[in-house]
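In: Make a model of this:
(2 chains)
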Amino acid sequence: MKSFFRFLYELIGTPQPPSETPVYREVIFPNVGLLTIGLSLAMVLIFYYIINRAMGVATFNKLRHWVIFLVLNAVLAFIIGIWQANSQAVASHSYVYWMSTWNAILGLFWFFLFSVLLKRGSTNASTTPF
Amino acid sequence: MHLTSSFRLLPALALGLLLCGCYSRSDMKGETSAASSPAETPAATEATTETGPPLEPAAASSSPTTAGVLAQVNVFLEVSGSMEGFMPKTAANGSNTRFQQHVAQFLSAVNRSSAARKNYFRIKEKPYRDSYQQLSQTVRAGIQQPASSTNIPTVLDTLVGGYYAPNTVNVLISDFIYSPKNAGAIPYISTDVTDALNRTRRADLAVSVYGYTSDFRGTFYPALTTSVKKINGCCDTDIPYYFWVIGPADAVRRFDAALLEKQPAQQAHFGVKYPTPASSLLNRFQNVGSWYYGEKDASKRTAGASYHTVAVSSVSAREPVEFVVGLNLKTLPGLYRDLNYLKTNLKLQAQDTDAKISSVFAATDQTKNSSGAENQYTHFVKVRVTKLGKAARPLQLMLNDQQPAWISQWTTKNDSNINQAGAKTFALSSLVDGVAAVTSNEQDKAPVFAIPLTLQPAD
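Out: A predicted model of the protein is given here:
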């Protein structure tokens, strides 16, 4: 698990400053990775199963509504990155923002992936985004 | 579309994933603190295992005045004629010599010290028991009946033979001017000292030598009597005198720390063992290049943890790696805390790498007041690396036990014209060599301390 997240987050390069590498690899990457996957899954479930199924809202199933959730998910993923890095008190470095930006992009990916996997279970939005 | 019951469970599953998947600082600490607590202070545990059972734990040895009270302190003051100049009768203007000032203070400090028993002796041809008051009076008012001459090997033999006991130190205060019976015996001074100290074969014998200088008002008796027998109305120059602390290594170390470290003095130590000082790599203090702590639990950043593994992710001549090792040398005597001594005698033993010590420096107000880990350390060693082995390699940072330079500087081969020779002692280095031969193994001289580090490529 740790090595998977290490691989995923080191696609943009090794952590900076190098002295913080153990904290990033052992704590921050797994934390941020799991939180982001969980967040994306929760957002997808809210969109497809709560709003567009359990609550039966009929006017929130268009592509633009899905995009609102997608962007919100990315923003939250960015905040998760900053928050986790700060809570581990790593040395401040622009890498924190790069890592968070990368996490926002990963958030987009997870949200898209879960959407494709789970959209069929929704009553009102089973064809969103396509 | 109809939902199966397992689909209904999905939100709950997601929530479960969210909650249990997260590591947080506090719960990581919680689950590991129990497991790792015995290993949290590797330096301290090392120190205790190395020094063996007679020592109190390393934590206690950092404050020797309170820990393990010495059973006995014996102070021997040499009262031969050559010492009279150090202890002249009080001058008309009430001035005394620095020797009188210092030794009177020292005797008072011994008398106030926590040692269980304190004995005071005048040394003539043999030791004579005095009270503290009597000996202090001798220092202040001068020697009543000076001995004609004392023979240093004989005195040392007496001390080591008759007064050596566990948890006991013997302090010999003398000018250590050793004049052999004839000139032919001069080359054998060090052998005579070695033999004297070795006669009773004390395994843990240790000697600390403290050198001081004092003004001298009286008759100076040179060791070399070929040209002059004595110099009256001496001296224009200061004359050295010495405290030799003789006893078991552990007792000598504690006595030194408690009573002799506060005042500036030249010092040399033979056979005294010191606990390995606390040390750690510092990853946020003057670190350069791509390296990080290689310890498995480095990410926990436990408070007060120390690190000794350098994991280097990339290094080259253009992008060197520099790391700093913090050392807490508080428990070592002044000689080994001296920056010049450290600069010349701190050595790095390495394999397959060009790791070198690039600088050695002492703590400053800035490092002491810093919020980083560097605030725990008194000295810092910066190491520079541009080349690395293919796998983990041991790296040893050690302080060599080198005879300090002052010993040869304070030695003269001819003291018959002491005013020109200056504050020097006849054949001092021979005396000291004699001590060193007893307390150290000639084949390999043990370092004062050695700190094992590991240098490895990052995984």
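
In: all contacts plus neighbour counts: C-alpha atoms, from now on.
Out: Will do.

In: In chain B, where is pLDDT below threshold?
Out: Counting by pLDDT under 70, chain B contains low-confidence residues at B:1-67, B:91-92, B:441-444.

In: domains of it?
Out: By the record's domain assignment, chain B is partitioned as B:70-273+B:403-439, B:278-401+B:447-457 (automatic domain parsing).

In: Compile these into JSON lines and extend it with columns for mean neighbour count and distance to A:P129.
Out: Shown next, in JSON lines, are the domains of chain B (neighbours: other Cα atoms under 10 Å in any protein chain shown; distance: least, Cα to Cα, whole Å):
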{"stretch": "domain B:70-273+B:403-439", "mean neighbour count": "19", "distance to A:P129": "76"}
{"stretch": "domain B:278-401+B:447-457", "mean neighbour count": "18", "distance to A:P129": "41"}
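
In: Give me the pLDDT for the residue most central in space within chain A.
Out: Residue closest to the mean C-alpha point of chain A, counted by Cα atoms, centre = their mean, is A:G107 at 2.7 Å. As predicted, A:G107 sits at a pLDDT of 94.

In: repeat for the one 3 residues further on
Out: Looking at A:W110, its pLDDT is 94.

In: can you check A:N73 too?
Out: Note for A:N73: predicted pLDDT of 94.

In: quick one: which helix or strand includes it?
Out: In this assignment (DSSP states H and E), A:N73 forms part of helix A:63-87.

In: for that helix, which positions count as buried?
Out: Neighbour-count burial for helix A:63-87 flags A:66, A:69-70, A:72-85 (criterion: 16 or more other Cα atoms under 10 Å in any protein chain shown).

In: same deal with stretch A:4-18?
Out: Neighbour-count burial for stretch A:4-18, counted by 16+ other Cα under 10 Å, picks out A:5-6, A:9, A:14-18.

In: which among those are in contact with chain B?
Out: A:17-18 (Cα under 8 Å from any Cα of the partner chain).

In: Of the buried residues of stretch A:4-18, which pair is most distant in space?
Out: A:F5 and A:P17 (18.6 Å; Cα to Cα).

In: So which bits of chain A are right by chain B?
Out: Residues of chain A lying close to chain B (Cα under 8 Å from any Cα) are A:17-24, A:26-27, A:30-31, A:34-35, A:38-39, A:41-42, A:45, A:88, A:121, A:123.

In: if you set the cut-off to 7 Å instead, what comes out?
Out: A:18-23, A:26-27, A:31, A:34-35, A:38, A:41-42, A:45 (Cα under 7 Å from any Cα of the partner chain).

In: out of these, which are inside strands?
Out: Of the positions in the residues of chain A next to chain B, not one sits in strands, assigned by DSSP state E.

In: Of the residues you listed - the most surrounded one?
Out: A:L41 (27 neighbours; other Cα atoms under 10 Å in any protein chain shown).

In: my hunch is that A:A58 is in a helix, does that hold up?
Out: No. With DSSP: H, G, I helix; E, B strand; the rest coil as the criterion, A:A58 is located in coil rather than a helix.

In: what separates it from A:S122, distance-wise?
Out: From A:A58 across to A:S122, the span is 12 Å (Cα to Cα, to the nearest Å).

In: now swap in A:N61 and tell me
Out: Between A:N61 and A:S122 the distance is 10 Å, computed by Cα to Cα.

In: repeat for B:Q133
Out: For B:Q133, the distance to A:S122 equals 101 Å [Cα to Cα].

In: In the stretch 101-250 of chain B, what residue comes closest to chain A?
Out: B:D250 (39.8 Å; Cα to the nearest Cα).

In: tell me the secondary structure for that residue?
Out: Assigned with three-state DSSP, B:D250 falls in the helix class.

In: Repeat that for B:V383.
Out: Taking three-state DSSP as the rule, one finds B:V383 in the strand state.

In: Beta-bridge partners for it, please?
Out: B:V383 forms beta bridges with B:F323, B:I357, as assigned by DSSP bridges.

In: Wait, it touches B:K356, no?
Out: Yes. B:V383 is within contact range of B:K356, at 5.4 Å (criterion: Cα atoms under 7 Å).

In: give the contact list for residue 85.
Out: In the absence of a named chain, chain A is used. By Cα atoms under 7 Å, 6 or more residues apart in numbering or on different chains, the contact list for A:A85 reads A:28, A:96.

In: if you could check chain B rather than the one you did, that'd help
Out: Counted by Cα under 7 Å, 6+ apart, B:G85 has contacts B:216-219.

In: 6 Å instead?
Out: Going by Cα atoms under 6 Å, 6 or more residues apart in numbering or on different chains, B:G85 touches B:216-218.

In: Quick check: phi and psi on the residue lying closest to it once chain neighbours are set aside?
Out: Excluding its sequence neighbours, the residue lying closest to B:G85 (Cα to Cα, 6 or more residues apart in numbering or on different chains) is B:G218, at 4.1 Å. When read as degrees, to the nearest 10, the backbone of B:G218 gives phi 160, psi -150.

In: go on, B:V312?
Out: Per degrees, to the nearest 10, the backbone of B:V312 is at phi -100, psi 120.

In: was I right about it contacting B:P457?
Out: Yes. The criterion here is Cα atoms under 6 Å, and B:V312 meets it with B:P457 at 4.8 Å.

In: neighbours around A:F130, how many?
Out: Count around A:F130 with other Cα under 10 Å applied: 9.

In: In a strand, B:N232, correct?
Out: Yes. Membership of B:N232 in a strand is supported by three-state DSSP.

In: need the contact list for it.
Out: B:T219.

In: go again using 8 Å as the cut-off
Out: The contact partners of B:N232, by Cα atoms under 8 Å, 6 or more residues apart in numbering or on different chains, come to B:218-220.

In: Sketch out the helices for chain A, chain order is fine.
Out: Assignment of helices within chain A using DSSP state H yields the ranges A:2-9, A:21-23, A:29-45, A:63-87, A:95-118.

In: quick one: B:V69 and chain A, what's the gap?
Out: Counting by Cα to the nearest Cα, to the nearest Å, the gap from B:V69 to chain A is 44 Å.

In: Kindly report the same for B:P88.
Out: B:P88 sits 64 Å away from chain A, going by Cα to the nearest Cα.

In: phi, psi of the closest residue to that residue other than its chain neighbours?
Out: Nearest residue to B:P88, sequence neighbours excluded (Cα to Cα, 6+ apart): B:G142, at 5.2 Å. Main-chain dihedrals, B:G142, degrees, to the nearest 10: phi 100, psi 160.

In: Might one say that B:G142 is in contact with B:G81?
Out: No. With contact defined as Cα atoms under 8 Å, B:G142 does not reach B:G81; the gap is 10.7 Å.

In: ok, which residues in the stretch 151-300 of chain B are in contact with chain A?
Out: Within reach of chain A by Cα under 8 Å from any Cα, the stretch 151-300 of chain B has these residues: B:283-284, B:289-293, B:298-300.
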